[in-house]
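Participant: just a sequence and a predicted model for now, questions to come.
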Amino acid sequence: MSANRPDSNSPKTPEPTHPPRGLRRMEGVSAEKALFEGMSDGLVVAVPSNEAPLHGLAGILDWRFRGQLSLFHAHNPTPDSRTGFRGSLGELTLVPLQNRGKTYSVLLVGVGQIVKPGARTSTALSTLACPLQNTLKGLGWKAPGFSCRDWGDISLAQLNQALDGQDGLLLD
């Protein structure tokens, strides 16, 4: 046998393994905890166009950041809020929120009108998937956080399929 050829009985070098792509479910980790503890680059937050006060993750963040999202959300447009976020289907806006001297990133995603306040479904995601993927790539976020509260009845597999394997965290 040649010294340059490996013996067929010798152990094989294992193939390098790559972590699976896509969102990972983080059981028991809230979206706000992931944001404040630096587990995610920022949160992707669904905001309907016809909801005030805000519910879901947007409502929680609005409370935690002392109304900063409500001031930015233009549910009842006034001359001062013409540039505000309206929650129209497909609208994407990056908002820096300040708390105790630190800045946190939140990507507001307009999901259009909902049936009633607090109602969340995954129906808007098919329309939003491509622009959302492009925006997240443009931001360079390696671990965006998505809250189960914002996408209603969608499963982890469906969310991963809709976002085409976008890395990130699915949070409580």
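Facilitator: Nice, I can see it.

Participant: what mean pLDDT does stretch 91-100 have?
Facilitator: Over the span of stretch 91-100, the pLDDT mean works out to 91.

Participant: touching that stretch from outside, list them.
Facilitator: By Cβ atoms under 8 Å, 6 or more residues apart in numbering, the surrounding residues in contact with stretch 91-100 are 42, 61, 64-66, 68-69, 72, 85, 103-110, 131-132, 135, 139. Every C-beta, even on glycine, is put in place using the N, C-alpha and C of the backbone.

Participant: extract the CA atoms of the least confident helix or strand in the chain by mean pLDDT and return them as CSV.
Facilitator: Within the chain, judged by mean pLDDT, DSSP states H and E, the helix or strand with the poorest mean is helix 68-72; its value is a mean of 83. Extracted in CSV, the C-alpha atoms of helix 68-72 (Å, rounded to 0.1, in the frame of the first residue of the first chain):
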residue,chain,number,x,y,z
GLN,A,68,-42.2,56.2,23.0
LEU,A,69,-43.9,53.9,20.5
SER,A,70,-47.3,55.5,21.0
LEU,A,71,-45.8,58.9,20.3
PHE,A,72,-44.3,57.5,17.1
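
Participant: after it comes which helix or strand?
Facilitator: Once the chain leaves helix 68-72, the next helix or strand it forms, by DSSP states H and E, is strand 92-99.

Participant: quick one on the thing from earlier: out of the contacts of stretch 91-100, which are inside strands?
Facilitator: When strands are assigned by DSSP state E, the members of the contacts of stretch 91-100 inside them are 42, 103-110.

Participant: mark which of these are buried, thanks.
Facilitator: A residue is treated as buried here by neighbour count (16 or more other Cβ atoms under 10 Å); on that basis the buried members of the ones in strands among the contacts of stretch 91-100 are 42, 104-110.

Participant: name the nearest of these relative to Gly152.
Facilitator: For Gly152, the nearest member of these is Val109. The distance, counting by Cβ to Cβ, is 13.4 Å.

Participant: hmm, that closest one is touching Val44, no?
Facilitator: Yes: counting by Cβ atoms under 8 Å, Val44 is a contact partner of Val109 at 6.0 Å.

Participant: report the set of residues contacting both of those two.
Facilitator: Counting by Cβ under 8 Å, 6+ apart, the residues touching both Val109 and Val44 are Leu132.

Participant: okay, buried residues for the longest helix anywhere in the chain please.
Facilitator: For the chain, the helix that runs over the most residues, judged by DSSP state H, is helix 125-139. Buried residues in helix 125-139, defined by neighbour count with 16+ other Cβ under 10 Å: 125, 128-129, 132, 135-136.

Participant: could I get those as TSV with pLDDT and distance to Glu27?
Facilitator: Formatted as TSV, the buried residues of helix 125-139 follow (pLDDT from 0 to 100; distance: Cβ to Cβ, whole Å):
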residue	pLDDT	distance to Glu27
Leu125	81	22
Leu128	88	25
Ala129	87	24
Leu132	91	24
Thr135	94	27
Leu136	92	23
